[in-house]
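Asks: A structural model of the following input is requested.
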Amino acid sequence: MVFFGEYLVSFSAPGRIVLPKKLRELLKGNTFILTKGFDFCLSGYDKEDWEEKAKSLLSVSLLEKEGLDKRRFLFSSTVYLDIDEQGRFVIPRHLLIYAGLKDKAIIVGTGDHFEIWSPEKWEKYLKQSGA
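Replies: Okay, here's the model as predicted:
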């Protein structure tokens, strides 16, 4: 399973968007994980894959500040979301605020997960990265 592509989507109600079919088809079931990503985007994972990655994060010593910081950042914002029959889901308010999402979003596949960006932040990221 490899998430790829770039998709512009519009919110149909406050916080509600459709996960593009090409990405949705890669999920094993109707539940996926959404959490804060780096660079003020959101990161989405297949439930099974997330649970495997979470196990590796749990093996990091609580005495190592960097590892503990990553655990706090990711786990404190993690939510399990259900996708309805039309492929829609609702992003919780705290994640909308974190990512600066309003009426449109860019969803990009990044291999083992997908990311949800505000169009403005995505454009800024692309310019800064030289892409």
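Asks: least trustworthy helix or strand in the protein by mean pLDDT?
Replies: Ranked by mean pLDDT, DSSP states H and E, the helix or strand of the chain with the weakest confidence is helix 65-75, at a mean of 77.
Asks: Name the nearest residue to residue 53, ignoring sequence neighbours.
Replies: Leaving aside its chain neighbours, residue 53 sits nearest to residue 45 (7.0 Å; criterion: CB to CB, 6 or more residues apart in numbering). No exception for glycine: its C-beta is placed from N, CA and C like everyone else's.
Asks: number of nearby residues for that neighbour?
Replies: Burial of residue 45, expressed as a neighbour count using other CB atoms under 10 Å, amounts to 21.
Asks: Would you check that it makes contact with residue 28?
Replies: No: proximity of residue 45 to residue 28 does not meet the contact threshold set by CB atoms under 8 Å, at 11.0 Å.
Asks: Can you tell me which helices and strands the least confident helix or strand of the chain packs against?
Replies: For helix 65-75, the contact count by 3 or more CB pairs under 8 Å, 6 or more residues apart in numbering; DSSP states H and E identifies strand 31-36, helix 47-58 as packing neighbours.
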